[in-house]
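Student: Sequence isn't available, so here's the structure alone:
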Ligand SMILES: Nc1ncnc2c1ncn2[C@@H]1O[C@H](COP(=O)(O)OP(=O)(O)OP(=O)(O)O)[C@@H](O)[C@H]1O
């Protein structure tokens, strides 16, 4: 039996006044206990979704459900939801203990219970012993943890995190990514995390919702979205990609860069114009004779784990290559790749049609 979703958006729109539609007809479901990430460029509506879930704003139309019940007009303090804000929003005049205890004090919870719960929350974020510290005496990463402790102390069902790592330097940010993911798993709560950083989204999430201009363009696991982007926007936004125009000749045969290539895609129209994505790490350097594509190396950078080459084919298409093999700038080389490395994208495909098409390629394993 499938579980009731913890959050459901049914055709939700948000307009701030007559001419600004910030979210248009958004529908999705979120399951209990998973780590979700809303990923997209600045202004695409990520924070608006969090604010709708928290109850700080109401939808202009559509329905929001929590555990199957409509909550459109339920005020924030009656929702089982807490938010960790980008700037943490800690009270500078209160110490660590009182910052975390704040919500419990408002609810007039008895002192012994407050103490027990605050200490438990601080233990969860590895800040036991810091109760009497002032906020000004805490580092960026520690403040972050106080903000998280303050969100979990109320034992909410959902924790919303609005770009909580953006103020931290790279090293601390990576550490906190591990910590947050681990914390979510220990708590078993639903986390909804907002970021515009694709690497962060790929590393942390069970499921990613990629957003653009007030819409959810694609949702799925990090691997699904990385391997099978629905369109140019997602392919470009998630990781580095080579995207070229092409034509579908027939099932399993596609034409791009002036040649025909075997591929796994099927079910498209004959001679349909499409776009092709090949990830840089799926291109292998070989000799010009053995390459499916022949390119000239324009630049080469050493990136630690691999070389990053920018190359051009004879039609002027750029092909980015990540390879452990080295090449020579100015040389002509061959690029080889498997049919599975070619991802064909239709120009305007809905997510339902896209999912259906991909499912049809997966040949079920069954004994004859
Ligand atoms: N109170 C408001 N009145 C009018 N427009 C608003 C209001 N709040 C947000 N917007 C607009 O709604 C759009 C989406 O904003 P939102 O904060 O949800 O985006 P975001 O994806 O979270 O962006 P960022 O990553 O920059 O925080 C933006 O164009 C923003 O200017």
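Tutor: Structure received. The structure displayed is predicted, hence computed values, not measured ones.
Student: Give me the contact list for the lowest-mean-pLDDT helix or strand in the chain.
Tutor: Across the helices and strands of the chain, the lowest-confidence element by mean pLDDT, DSSP states H and E is helix 351-361, at a mean of 84. Under the contact criterion CB atoms under 8 Å, 6 or more residues apart in numbering, helix 351-361 has outside partners 216-219, 228, 230, 264-268, 346, 349. (C-beta placed from N, C-alpha, C; glycine too.)
Student: The closest residue to the ligand within the stretch 51-200 of the chain - how many residues pack around it?
Tutor: Closest approach of the stretch 51-200 of the chain to the ligand (CB to the nearest ligand atom) occurs at residue 196, with a separation of 5.2 Å. Using other CB atoms under 10 Å as the criterion, residue 196 is surrounded by 18 other residues.
Student: residues touching it, list them.
Tutor: Contact criterion CB under 8 Å, 6+ apart gives 39, 40, 41, 42, 46, 163 as the residues in contact with residue 196.
Student: Now do residue 53 against residue 301, distance only.
Tutor: Computed as CB to CB, to the nearest Å, the residue 53 to residue 301 distance reads 42 Å.
Student: Neighbour count: those two, which is higher?
Tutor: When residue 53 and residue 301 are compared for neighbours, residue 53 comes out ahead with 24 against 9, by other CB under 10 Å.
Student: Which strand or helix spans residue 208?
Tutor: Of the helices and strands defined by DSSP states H and E, residue 208 is found in strand 207-212.
Student: Would you mind measuring from the nearest residue to residue 258 once chain neighbours are set aside to the ligand?
Tutor: Residue nearest to residue 258 in three dimensions, not counting chain neighbours: residue 315, with 5.5 Å by CB to CB, 6 or more residues apart in numbering. Going from residue 315 to the ligand by CB to the nearest ligand atom, to the nearest Å gives 37 Å.
Student: Let me see the confidence value for residue 315.
Tutor: Listed pLDDT for residue 315 reads 88.
Student: right, and it touches residue 256 too?
Tutor: No: look at residue 315 against residue 256 with CB atoms under 8 Å: they stay out of range, at 9.2 Å.
Student: So these two - more neighbours on which side?
Tutor: Summary of the neighbour comparison: residue 315 and residue 256, criterion other CB under 10 Å, with residue 256 having more neighbours (23 against 11).
Student: in which helix or strand would I find residue 244?
Tutor: Using DSSP H and E, the secondary-structure element containing residue 244 is strand 242-250.
Student: one step back: direction included, what does the next helix or strand after the strand holding residue 208 pair up with?
Tutor: On the C-terminal side of strand 207-212, the closest following helix or strand by DSSP H and E is strand 215-220. Here strand 215-220 has these sheet partners by DSSP bridges: strand 207-212 (antiparallel).
Student: if I look at the closest residue to residue 56 other than its chain neighbours, how far off is residue 289?
Tutor: With CB to CB, 6+ apart as the measure, residue 76 is the residue that lies nearest to residue 56, at 6.0 Å, once sequence neighbours are left out. Shown here: residue 76 relative to residue 289, a distance of 66 Å by CB to CB.
Student: Next: residue 247.
Tutor: For residue 247, the distance to residue 289 - CB to CB - is 26 Å.
Student: The two - which one has more neighbours?
Tutor: When residue 247 and residue 289 are compared on other CB under 10 Å, the one with more neighbours turns out to be residue 247, at 16 against 7.
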